[in-house]
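**Q** give the three-dimensional model of this entry:
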Amino acid sequence: MAVLFQIRNAHLSYGDQVLLDDAEATITDQAKVGFVGRNGAGKSTLLRVLMGEEELDAGEVIRHPNLRIGYLRQHDPFQPDESALDFLMRDSEQPDWKCGEIAGQFEIKGEYLHGPVKSLSGGWQTRVKLAALLLHEPNLLILDEPTNFLDLRTQILLEHFLISFRQACLIVSHDRTFLKSTCDHTLDLTRGTLTMYPGKIAKFLEYQAERREQAIRENASTATKQRQLEKFIAKNKAGANTASQARSKQKQLERLKLNEIAADEKTAHIRAPLVTPKQGAAVRCEDLAIGYPDHRVSENINLEIEHQQRAAIVGDNGQGKTTLLRTLVGSLDPLGGRARWGHNCSIGTYAQHVYTTLPPEDTVLEYLEQQALHGTTDQQILAVAGSLLFHDDHVNKKIKVLSGGERARLCMAGLLLGDYNILVLDEPGNHLDVETVEALAEALLVYKGTVIFTAHDRHFVNRIATSIIEVRDGTVKNYVGDYDSYVYRINKEIEAGDRESNSRGGASRTPDNKLGNSKPLSQNKQREFKKKIKSIERKIAKLDEERKSLNEAMLSVTDPEEAMQIHEKIESVTKELTDAEEEWLELN
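**A** The predicted structure follows:
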């Protein structure tokens, strides 16, 4: 068994923060290692050290001479107008047949392989990047939060690939379900110390808890013995006949040492809104059609969600989950039919278009005080603020200076302090660390109201969902079965190679094939079609770049009016991009 790399006596600090303190770890070939730790512990920094992009303050990293690292890039490596196949050939310098063969392992075929890669969704672009990694034949894959924003189908496809991958992997992830499926070792970074555990994440967490409990019990026993010795010494040190015994006991006392138990890190303790339970239908959809004036996402929706249900809206990215939520809460007008809420429904919404409209001159604390129920104590408000990462002086910041991510967390804190009996949550875990997401799940489990939500985190969905609503192929239906059975079905579809042709979004993308039964096109017509396709591809690439720039700007903007303007631009560009993709597919 070859050692790919070994970390010895590693020390690394940023200012007063110690990231590595005499840390040591070894990774061998074929090991699948899940890398865990709290946000800010230094995991991404250590990855940069392993790849030679950052230096240690002290210690060393010993690399095998034949080590070949494949790193899943988070940035966009694609050039304008190039196809997935063009990118794979450029990046790997391999022939087209080899690139096509590897791409096929990720179901990248047909228009997905030969069309403009920049027009693909984030999930499909991740597949292309993974194919590029394989073409370099690495013996160690390093993946940093690979499941971020991937839909269920792409997550499972990635799992299948990693399970069959014969080389070593080091995977940073907060997704316990993903780590459980793919990794047989667990590497933990806590307060500068690396711990390699030869087992899966669940067993490691049990081991970690057991070690802590054992240390606490040993300390209790040691403390009792210390008190006994101190009492004996105090009583006998002055006596002529007992002084020597007291000195002996003093030496015993000095040899007793307590186990060092790190103080508990701050953990979220979220309290869900206190509401009176209601019966009957919370919301009823009757022949509802959703989408935009010139693009219907789904229609003929007849759906009912009962009070006290926790309904998970599931489906591939782009199928219309967020469009459905926006229509339900009234921020998007229905194209037909209607959605009716029950009597005395108070709806709290967590979504980007909501957190861009927070009052700019209020401080964090003032906003939360306004949102809190009458009688909520300052301590409870500060506890909720702290659980959403607003600590100490941060509660006195004005909303106008908060980033987009901070505003999103503040919006969540305000919801939890209110008296809403309906919570509509669109990807609530996007700006929260794993411990806070777990605390949110605990709060929603005891919540007596209704929850309608989308989420990519399978552990979160599986914990809280009581019903599953699937958005797929232009339809919205109650799924007959629980979340486990839904995941099982998606697994089987992938295993059978049955990828849906419309998995990139909207209603069914199968073209009407008006040309399929007609005579072959003339050369002039073919040239005309190709010219039009190239023009649309350039338009798609330009719109995609514009959307990415706007999304980046949203994260740092502080002025609420500017934030709303950017949000409206994002909505407009996204719609224009969807229309262009539809036209490109139709022409192809």
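**Q** can you tell me the element Phe232 falls in?
**A** Taking DSSP states H and E as the criterion, Phe232 maps to helix 201-236.
**Q** ditto for Lys257
**A** Lys257 belongs to no helix or strand, assigned by DSSP H and E.
**Q** got the buried residues for the helix holding Phe232?
**A** Judged by neighbour count (16 or more other CB atoms under 10 Å), helix 201-236 contains these buried residues: 201, 204, 208, 229, 232-233, 236. Placement of C-beta: from N, CA and C, glycine included.
**Q** can I get the residues you listed in TSV including pLDDT and distance to Tyr112?
**A** Shown next, in TSV, are these (pLDDT from 0 to 100; distance: CB to CB, whole Å):
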residue	pLDDT	distance to Tyr112
Ile201	90	32
Phe204	90	37
Gln208	83	42
Leu229	89	73
Phe232	89	79
Ile233	90	78
Asn236	88	84
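**Q** which pair in those residues spans the largest distance?
**A** Ile201 and Asn236 (52.7 Å; CB to CB).
**Q** quick one: Asn462 is in a helix?
**A** Yes - assessed with DSSP: H, G, I helix; E, B strand; the rest coil, Asn462 lies in a helix.
**Q** skipping adjacent residues, who's closest to it in space?
**A** Leaving aside its sequence neighbours, Asn462 sits nearest to Tyr483 (CB to CB, 6 or more residues apart in numbering; 5.0 Å).
**Q** residues in contact with that neighbour?
**A** 312, 314, 458, 461-462, 465, 468 (CB atoms under 8 Å, 6 or more residues apart in numbering).
**Q** can I get these in JSON lines with distance to Leu150 and secondary structure?
**A** Converted to JSON lines, those look like this (distance: CB to CB, whole Å; DSSP: H, G, I helix; E, B strand; the rest coil):
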{"residue": "Ala312", "distance to Leu150": "16", "secondary structure": "strand"}
{"residue": "Val314", "distance to Leu150": "13", "secondary structure": "strand"}
{"residue": "Arg458", "distance to Leu150": "11", "secondary structure": "helix"}
{"residue": "Val461", "distance to Leu150": "14", "secondary structure": "helix"}
{"residue": "Asn462", "distance to Leu150": "16", "secondary structure": "helix"}
{"residue": "Ala465", "distance to Leu150": "19", "secondary structure": "coil"}
{"residue": "Ile468", "distance to Leu150": "19", "secondary structure": "strand"}
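**Q** mind putting these into JSON lines with pLDDT and neighbour count?
**A** Formatted as JSON lines, the contacts of Tyr483 follow (pLDDT from 0 to 100; neighbours: other CB atoms under 10 Å):
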{"residue": "Ala312", "pLDDT": "96", "neighbour count": "24"}
{"residue": "Val314", "pLDDT": "94", "neighbour count": "24"}
{"residue": "Arg458", "pLDDT": "89", "neighbour count": "21"}
{"residue": "Val461", "pLDDT": "94", "neighbour count": "23"}
{"residue": "Asn462", "pLDDT": "92", "neighbour count": "16"}
{"residue": "Ala465", "pLDDT": "95", "neighbour count": "22"}
{"residue": "Ile468", "pLDDT": "95", "neighbour count": "21"}
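**Q** pull the distance from stretch 37-54 to the chain's centre.
**A** Computed by CA atoms, centre = their mean, to the nearest Å, the chain-centroid distance of stretch 37-54 equals 18 Å.
**Q** can you name the residues in contact with that stretch?
**A** Residues outside stretch 37-54 that contact it (CB under 8 Å, 6+ apart) are 5, 10, 12, 19-20, 35-36, 55-56, 61, 69, 71, 142, 144, 170, 172, 188-192, 265, 433-435.
**Q** please flag which of these sit within helices.
**A** Using DSSP state H, the subset of the contacts of stretch 37-54 located in helices is 434-435.
**Q** among the contacts of stretch 37-54, which ones are in strands?
**A** Among the contacts of stretch 37-54, the residues falling in strands (DSSP state E) are 5, 10, 12, 19-20, 35-36, 61, 69, 71, 142, 144, 170, 172, 188-190.
**Q** now Val384: closest residue in space that isn't a chain neighbour?
**A** Distances taken as CB to CB, 6+ apart put Ala413 closest to Val384, at 5.1 Å, once the chain neighbours are dropped.
**Q** and for the one you found, the neighbour number?
**A** Neighbourhood size, Ala413 [other CB atoms under 10 Å]: 23.
**Q** so for stretch 34-46, first residue to last residue, what's the gap.
**A** 14 Å (CA to CA, to the nearest Å).
**Q** quick one: mean pLDDT over it.
**A** For stretch 34-46, mean pLDDT is 84.
**Q** check the gap between Thr195 and Ala41 for me.
**A** According to CB to CB, to the nearest Å, Thr195 and Ala41 sit 12 Å apart.
**Q** tell me which stretches of the stretch 51-200 of the chain form helices.
**A** 84-92, 96-104, 111-114, 122-135, 152-164, 176-182 (DSSP state H, counting those that start in this stretch).
**Q** the stretch 201-350 of the chain now?
**A** In the stretch 201-350 of the chain, the helices defined using DSSP H, counting those that start in this stretch lie at 201-236, 243-255, 321-329.
**Q** switch the ones you listed over to JSON lines; also include distance to Glu568.
**A** Formatted as JSON lines, the helices of the stretch 201-350 of the chain follow (distance: least, CB to CB, whole Å):
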{"stretch": "helix 201-236", "distance to Glu568": "42"}
{"stretch": "helix 243-255", "distance to Glu568": "70"}
{"stretch": "helix 321-329", "distance to Glu568": "14"}
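**Q** quick one: closest of the ones you listed to Gln79.
**A** It's helix 321-329; of the helices of the stretch 201-350 of the chain, that one is closest to Gln79 (CB to CB) at 29.6 Å.
**Q** what does the closest one rub up against?
**A** In contact with helix 321-329 (CB under 8 Å, 6+ apart) are residues 283, 285, 288, 290-291, 297-298, 301, 313-315, 332-334, 339, 347, 349, 351, 353, 424, 426, 452, 454, 471, 476.
**Q** just the buried ones out of those, please.
**A** Counted by 16+ other CB under 10 Å, the contacts of helix 321-329 give 283, 285, 288, 290-291, 297-298, 301, 313-315, 332, 334, 339, 347, 349, 351, 353, 424, 426, 452, 454, 471, 476 as buried.
**Q** could you pull out the helices for the stretch 351-500 of the chain?
**A** Counting by DSSP H, counting those that start in this stretch, the helices of the stretch 351-500 of the chain are 352-355, 364-371, 378-387, 404-417, 434-446, 458-464, 483-495.
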